[in-house]
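J.: no sequence for this one, just the structure:
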Ligand code: LLP
């Protein structure tokens with residue numbers, strides 16, 4: 001039994017009743033299924049194996065960097081895709097081998113590059129001329145050369161939400177192919193830079209295979225050209241982005257994705273890197289909340305939850321759709337009435353769903369926001385001085401807290417007073 005299913009009329013995480021978790025840890029509460037995480041990872045890896053490929057799976061930690069989640073993947077041999085020094089420390093603390101860490105992102109600071117160099121990471125995915133200058137300067141200062149892959153901007157439309165599309169020329173990401181000669185010239189001149197590969201990532205929550213094929217083809221063609229010019233390339237990083245089905249999307253399966261990758265790299269004889277995030281964790285987590293009040297407005301019915309936009313910002317930030325699953329299974333044929341499902345924060349943008357058809361629900365009942373394992377807890381804030389949702393992991397019939405709720409004293413102690421106010 002894995003993931004989130006109804007059993008005996010109650011919603012469970014693996015074999016554990018969510019009511020039990022709500023009582024034990026309180027709400028709002030993120031609940032992760034370890035078996036669902038493991039199954040997603042194993043299926044992704046098997047899809048590539050069946051194509052004869054053994055990519056280094058660098059889990060994109062930004063999707064969910066809870067130590068328990070990262071350790072689950074690290075123990076299966078995963079590497080990590082990091083975008084900050086904080087993620088570097090989290091990856092190492094979770095047992096990810098340093099030589100399986102790829103450092104991505106458009107704004108790496110010299111300090112972050114130094115820390116990653118000291119840790120001995122696999123490589124840096126570079127995104128611009130000025131960033132290459134900084135990488136070269138850090139390498140010179142350390143008297144070594146840095147393994148660098150160029151992230152290419154292939155100008156491909158990922159057909160996803162505009163805020164998470166990264167592969168078009170107007171996006172800040174990747175090296176524009178028009179300035180590639182200039183970039184290669186810089187690398188030639190700087191002994192501190194060792195070009196070892198190419199990378200691409202065109203966006204997140206991709207639900208079509210065609211943009212992948214276009215981006216991979218662009219990357220593979222460039223790889224061939226640069227090899228022919230004598231560049232000692234060894235690897236291709238295909239990025240992440242594989243979507244999940246929040247509602248009725250039909251994203252490519254991992255098998256179809258691996259097939260597209262295999263078709264693009266056929267005959268290249270290079271190492272492969274993948275950076276999946278959402279696909280490995282999205283469906284393996286829910287946000288469990290309690291209904292505080294049912295408020296009947298003149299225009300709408302509002303379900304006011306104890307979770308808010310500070311816990312899960314995706315609905316208001318991306319108009320994202322998360323399924324709402326009452327913990328008490330609704331009777332078959334229960335009448336559905338539209339409701340706005342909102343949080344207690346003082347903003348009209350604090351909502352999880354609007355005009356959502358829902359069965360009758362009462363105050364005190366628990367409700368789960370599904371597919372909240374990716375970009376949920378990691379995007380939480382303490383807005384309105386709300387401690388973010390606690391986190392718990394379930395594995396079969398076992399469960400354990402993986403991030404206790406922040407207490408108020410700790411929340412307040414993060415601030416300190418200037419001398420003149422300490423009287
Ligand atoms: N690699 C790079 C270079 C990335 O920028 C990203 C995500 C990934 C890999 C992982 O992508 P995934 O497999 O998770 O789609 N907060 C947004 C998603 C932002 C994605 C940012 N980059 C959301 O909640 O939808």
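T.: Arrived safely. No experiment lies behind these values; they were computed from the predicted model shown.
J.: contact partners for the closest residue to the ligand within the stretch 1-150 of the chain?
T.: Ranked by C-beta to the nearest ligand atom, the top residue of the stretch 1-150 of the chain for proximity to the ligand is residue 60, at 3.4 Å. Placement of C-beta: from N, CA and C, glycine included. By C-beta atoms under 8 Å, 6 or more residues apart in numbering, the contact set of residue 60 is 80-81, 240, 275-278.
J.: show me where the stretch 1-150 of the chain has helices.
T.: When assigned using DSSP state H, counting those that start in this stretch, the helices of the stretch 1-150 of the chain occupy the ranges 18-25, 34-49, 67-74, 85-93, 110-119, 129-142.
J.: out of those helices, deepest packed?
T.: Using mean count of other C-beta atoms under 10 Å, the stretch among the helices of the stretch 1-150 of the chain with the greatest mean number of neighbours is helix 67-74 (a mean of 22).
J.: quickly list what the residue of the stretch 1-150 of the chain closest to the ligand is bridged to.
T.: Here residue 60 sits in beta bridges with residue 81, as judged by DSSP bridges.
J.: those residues of this structure touching the ligand, which are they?
T.: The interface of the chain toward the ligand, taken as C-beta under 6 Å from any ligand atom, is made up of 60, 62-63, 81, 104, 164, 201, 204-205, 239-242, 275-279, 314, 318, 374-375.
J.: do that again at 5 Å, thanks
T.: Selection of the chain residues close to the ligand by C-beta under 5 Å from any ligand atom yields 60, 63, 104, 164, 201, 204, 239-241, 275-278, 314, 375.
J.: quick check: the farthest pair among the residues you listed?
T.: 104 and 314 (21.3 Å; C-beta to C-beta).
J.: between the two, who's got more neighbours?
T.: Looking at residue 104 and residue 314 with other C-beta atoms under 10 Å, you find the greater number of neighbours at residue 104, namely 27 against 21.
J.: let me know the pLDDT of that one.
T.: On the pLDDT scale, residue 104 is placed at 97.
J.: partners of the host helix or strand of residue 152 in the sheet?
T.: With secondary structure defined by DSSP states H and E, residue 152 is part of strand 146-153. The sheet places strand 146-153 alongside strand 123-126 (parallel), strand 175-176 (parallel), strand 193-199 (parallel), with pairing taken from DSSP bridges.
J.: what's the most buried one of those strands?
T.: Relative to the other members of these, strand 123-126 carries the highest mean neighbour count by mean count of other C-beta under 10 Å, namely a mean of 26.
J.: how far off centre is that strand?
T.: For strand 123-126, the gap between its own C-alpha mean and the chain's C-alpha mean amounts to 19 Å (C-alpha atoms, centre = their mean, to the nearest Å).
J.: which parts of stretch 222-236 are buried?
T.: Within stretch 222-236, the residues that qualify as buried by neighbour count (16 or more other C-beta atoms under 10 Å) are 222-223, 226, 231, 233, 235-236.
J.: quick check: longest strand of the protein.
T.: Criterion DSSP state E: the longest strand present in the chain is strand 285-296.
J.: whatever helix or strand comes next after it to strand 285-296, inter-axis angle?
T.: Of the helices and strands lying after strand 285-296 in sequence (DSSP H and E), the nearest is strand 301-305. Angular relation of strand 301-305 and strand 285-296 on a 0 to 180 degree scale: 130 degrees, by axes from the mean of the first three to the mean of the last three C-alpha atoms, to 10 degrees.
J.: got a list of contacts for strand 301-305?
T.: Strand 301-305 has contacts (C-beta under 8 Å, 6+ apart) with 28, 289-296, 337-344, 352, 358, 361, 367.
J.: before we move on, what about stretch 211-231?
T.: Counting contacts by C-beta under 8 Å, 6+ apart, the residues outside stretch 211-231 that touch it are 152, 154, 156-159, 167, 177, 184, 195, 198-200, 202-203, 206, 233, 236, 238-239, 241, 252, 257, 260-261, 263-265, 268, 270.
J.: buried among those residues? Need that as a selection in ChimeraX.
T.: In ChimeraX, selecting the buried portion of the contacts of stretch 211-231, with burial taken from 16+ other C-beta under 10 Å, looks like this:
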select :152,154,156,158,167,184,195,198,199,200,202,203,206,233,236,238,239,241,252,257,260,261,264,265,268,270
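J.: which of the contacts of stretch 211-231 fall in strands?
T.: In strands, judged by DSSP E, the following of these are found: 152, 195, 198-199, 236.
J.: which one of these sits closest to the ligand?
T.: In terms of C-beta to the nearest ligand atom, no member of the ones in strands among the contacts of stretch 211-231 lies closer to the ligand than residue 199, at 7.7 Å.
J.: can you tell me the closest non-neighbouring residue to the closest one?
T.: For residue 199, ignoring the flanking residues on the chain, the nearest one in space by C-beta to C-beta, 6 or more residues apart in numbering is residue 237 at 3.6 Å.
J.: contacting residues for residue 264?
T.: Applying C-beta under 8 Å, 6+ apart, one finds that residue 264 lies in contact with 213, 216-217, 219-220.
J.: recalculate using a threshold of 7 Å.
T.: Neighbour list for residue 264: 216-217, 220 [criterion: C-beta atoms under 7 Å, 6 or more residues apart in numbering].
J.: could you measure from it over to the ligand?
T.: Taking C-beta to the nearest ligand atom, to the nearest Å as the measure, residue 264 falls 17 Å from the ligand.
J.: could you do residue 392 as well?
T.: As defined by C-beta to the nearest ligand atom, residue 392 lies at a distance of 21 Å from the ligand.
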